[in-house]
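> Let's see this in three dimensions:
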Amino acid sequence: MRLRALAPAKVNLSLFLGATRQDGRHRLVTVFESLSLADELELVVAGGPAASPDPSPIHAASEDRVICSGVPGDNLAARALAALRERGWDGPPLRLTIAKRIPVAAGMGGGSADAAAALRLAMALAPGRAEELDAIASALGADVPGQLLPGVALGTGAGELVERFEPLAPHAFVVVPSAHGLSTADVYREADRLGLPRPAGELDDRHRSLLAALRRGARLPDELVVNDLEPAAVSLCPAVAGALRAVRDVGAEHVIVSGSGPTVVGIWWGDTAAASAAAAAERLAASHPGALSATPVSPEFAAAVLA
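Numbers count the residues shown, from 1 in each chain. Have a look, this model is predicted:
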């Protein structure tokens, strides 16, 4: 059997930063949304037809193999499969091939998206206990739980406590990748150095405001489309400031850094948002190679299907 799934990138529409918790993670209140920009994963039973003509690098997870060209080192999807087996999942040996489309180390959750998609594919091949997935996802990282089921979600705790919401008003994005990567840990350290974390009471206020704003068909208020990590990303990668200006200059209604950066995202709202974002991406392409437009996606976009 051969299965395929898309692993959509995420953008943080809001990211409010709190103090460091006892476990070393920062407290967060964040809204993230899945985009049509996506990696593609293909899963076959090991020993079946080749899943990719490019066999390297290969990340082994017990009897499973994860093939992800161009991404050296630890692979979160391989760790996800290993964790699933540690909890008793007894599917056949797998070969998982990942075709990367989401920029790496870019604040768009590409590795987390791949891990979430790997779990969806494995469970589609050989269903196990669905309640195990949330525990595995939380252990893998704060971004993974929200990407198990793509869509709009509010993350609290360190981002791993996820509450899902209905789609917002029509909108679309321009995504401007950077030639530079940023380490998430470095960005959080810089945020602490700059004194960016908010007091607990202020963070709670933002949480209440987001709960009131996240209604089906609603547009997020301007004051909630904020990323508290943005100054830290700009401090570590000054080119981000130029990308923010460029996207604002082509007419985006909101311009933010996604997650820990350095990717910059512009947002257009309304029924013509997709066309406006596509035109803006074309205008940006000459000065910012890789600029593209994207739209929000639902869980169906990322469902496991026969390949």
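> Please count neighbours and contacts with C-alpha atoms only from this point.
Will do.
> C-terminal to the lowest-mean-pLDDT helix or strand in the chain, what's the next element?
When each helix and strand of the chain is scored by mean pLDDT, DSSP states H and E, strand 58-61 comes last, with a mean of 46. Counting by DSSP states H and E, the next helix or strand C-terminal to strand 58-61 is strand 64-68.
> which residues of the stretch 1-150 of the chain fall in helices?
Along the stretch 1-150 of the chain, counting by DSSP state H, counting those that start in this stretch, helices occupy 76-86, 110-125, 131-140, 144-147.
> Looking at those, spot the one closest to residue 230.
With C-alpha to C-alpha as the criterion, residue 230 lies closest to helix 110-125 of the helices of the stretch 1-150 of the chain, at 18.8 Å.
> Only the buried residues of stretch 123-132, if you could.
Neighbour-count burial for stretch 123-132, counted by 16 or more other C-alpha atoms under 10 Å, picks out 123, 125, 128.
> List the residues that contact the second one.
Going by C-alpha atoms under 8 Å, 6 or more residues apart in numbering, residue 125 touches 3, 91.
> ok, it to residue 87 distance?
To residue 87, residue 125 is 16 Å away according to C-alpha to C-alpha, to the nearest Å.
> what do you get for the last one?
Summarising the geometry, the distance separating residue 128 from residue 87, computed by C-alpha to C-alpha, is 10 Å.
> for the first one, same thing?
Using C-alpha to C-alpha, one gets 13 Å for the distance from residue 123 to residue 87.
> Low-confidence stretches in the chain?
Applying pLDDT under 70 to the chain flags the ranges 47-62, 72-74.
> Domain ranges for it, per the record?
For the chain, automatic domain parsing gives the domain ranges 2-164, 166-294.
> For residue 301, find the nearest of these.
domain 2-164 (7.1 Å).
> Return the distance of that closest one from the chain's centre.
9 Å (C-alpha atoms, centre = their mean, to the nearest Å).
> How about stretch 160-177?
Relative to the chain's own centre, stretch 160-177 is displaced by 10 Å; criterion: C-alpha atoms, centre = their mean.
> Export it to CSV, keeping only CA atoms.
Listed next in CSV are the C-alpha coordinates belonging to stretch 160-177 (Å, rounded to 0.1, in the frame of the first residue of the first chain):
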residue,chain,number,x,y,z
GLU,A,160,0.9,22.7,23.1
LEU,A,161,-2.6,23.1,24.7
VAL,A,162,-4.7,23.4,21.6
GLU,A,163,-8.3,24.6,21.2
ARG,A,164,-9.6,24.5,17.6
PHE,A,165,-11.9,27.1,16.0
GLU,A,166,-14.0,27.5,12.9
PRO,A,167,-12.6,29.3,9.8
LEU,A,168,-12.2,33.1,9.9
ALA,A,169,-13.4,35.6,7.3
PRO,A,170,-11.9,35.1,3.8
HIS,A,171,-8.2,36.0,3.7
ALA,A,172,-5.0,35.1,2.0
PHE,A,173,-1.3,35.4,2.5
VAL,A,174,2.0,36.4,0.9
VAL,A,175,4.9,34.4,2.3
VAL,A,176,8.4,35.9,2.0
PRO,A,177,11.1,33.4,2.9
